[in-house]
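Asks: please work out how this folds:
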Amino acid sequence: MFSFCSDPATLEGLQWLSCYLTTGKHMGFYVSFGTVLLLLAITAPMALLFGFGGAIAARSRVWPVAWLGKGYIAIVRGVPDIAFFLFFVIALDQAIEWLRHQVKCPDWEAEVWQGNDFVVCAIAKMPLSSSPQWVHEVYGFSIAVVTFAIVFGAFAANVLFGAMRAVPRAQIETAESYGMSHRQAFWRVMVPQMWVYALPGLSNLWMVLIKATPLLFLLGVEDIVYWARELGGSKTAQFTDYPHGDWRMWYFLALLVFYLGFTRVSEVVLARITRRLSHGQATLGGEAQRKDKTKAEGATA
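Replies: Numbers count the residues shown, from 1 in each chain. Predicted coordinates for the structure are as follows:
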């Protein structure tokens, strides 16, 4: 980036470090932080949407729909997260290629499954081998986003289902006795109140989602963990012009600071949201606010 960086062999000290930290590879490292934030920004609302749909399905009076919703919620129990991620990535990728194969290669006579291999025609591959690099990156990132949303949507469904059950049944019955339909009581009475009960669980889920972002590395996305390993390693071919020792500890220390700072900001924001939603509610948070207000008024008097 700097004019004096043309010959790294002649550099030393701060000049060497400034050139080292502004190479194209390091720019990829810096951009990867944005990739993590973009993943969180897209995945969080998608997972909440999946979770809300799963919770509604679990409460359905139609037993096949309720069975489907409860089955979706049940996937969060007993199976490690990494197994979910690796399964969904492979399953989604093969499902997309199989559908394209059925449309684009209807005359294909060979079996798609040939022993342990999954074989489709060349034009059904996603993405195509002739596609530019950015298409491969966007496709991999999109698969990762959908995978995260499905997996964490199951966790969110479990939280929201419990929050819906926590809303006092008497309030729903009262709303229905005043002439509201079951659907109206659900949307006007239950849904506005359930967020107070759901927020603690959703807050924890958000923290888990933040800590799960390094799994992007396992899904083939060049995230911050990938770059930290590549740039910090002493035996990698990433930096032939800037040889150095094993600096992985320092790169991973930077990731540690980043995640600690981001989770701290998240804690502050979530605490404020909780206080706002708890205001006037018949919950522990609302009761604590009323006691604090009473004490403040007594001290003023």
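
Asks: residue boundaries of the strands in the stretch 1-150 of the chain?
Replies: 113-114, 117-118 (DSSP state E, counting those that start in this stretch).

Asks: what's the helix or strand for the spatially closest residue to residue 159 that is not a sequence neighbour?
Replies: Spatial nearest neighbour of residue 159, excluding adjacent residues (C-beta to C-beta, 6 or more residues apart in numbering): residue 201 at 3.6 Å. To be clear about C-beta, it is placed using only N, CA and C from the backbone, and glycine gets the same treatment. Secondary structure assigned from DSSP states H and E places residue 201 in helix 191-212.

Asks: now swap in residue 185 and tell me
Replies: helix 182-185.

Asks: distance of residue 275 relative to residue 199?
Replies: 10 Å (C-beta to C-beta, to the nearest Å).

Asks: out of the two, which sits in the more crowded spot?
Replies: Using other C-beta atoms under 10 Å, the more surrounded residue of residue 275 and residue 199 is residue 199, with 21 against 13.

Asks: and for the residue lying closest to that one once chain neighbours are set aside, the neighbour number?
Replies: Nearest non-adjacent residue to residue 199, counting by C-beta to C-beta, 6+ apart: residue 274, 5.4 Å away. A total of 17 residues lie near residue 274 under the criterion other C-beta under 10 Å.

Asks: likewise the one 3 residues further on?
Replies: Residue neighbour count, defined by other C-beta under 10 Å, stands at 19 for residue 277.

Asks: ok so, going back, measure the residue nearest to residue 159 to residue 185 for me?
Replies: 23 Å.

Asks: returning to that earlier point: quickly find the element holding the residue nearest to residue 199.
Replies: helix 248-278.

Asks: may I see the buried residues of that helix?
Replies: 248, 251, 255, 259, 262, 266, 270, 274, 277, 278 (16 or more other C-beta atoms under 10 Å).

Asks: the nearest residue in space to the first one that is not next to it in sequence: neighbour count?
Replies: The spatial neighbour of residue 248 that comes closest, neighbours along the chain excluded (C-beta to C-beta, 6+ apart), is residue 232 at 3.5 Å. Counted with other C-beta under 10 Å, residues neighbouring residue 232 total 22.

Asks: also residue 112?
Replies: 17.

Asks: cool, and residue 225?
Replies: 20.

Asks: just the pLDDT for it.
Replies: With respect to pLDDT, residue 225 scores 87.

Asks: quick one: the helices in the stretch 101-250 of the chain?
Replies: 133-166, 169-177, 182-185, 191-212, 224-232, 248-278 (DSSP state H, counting those that start in this stretch).

Asks: buried set for the fourth one?
Replies: Residues of helix 191-212 classed as buried: 191, 193-194, 196-203, 205-206, 209-210, 212 (neighbour count, 16+ other C-beta under 10 Å).

Asks: can you pull out the low-pLDDT segments for the stretch 1-150 of the chain?
Replies: Residue ranges of the stretch 1-150 of the chain with pLDDT under 70: 1-4, 8-11.

Asks: any idea how far apart the tips of stretch 114-129 sit?
Replies: 21 Å (C-alpha to C-alpha, to the nearest Å).
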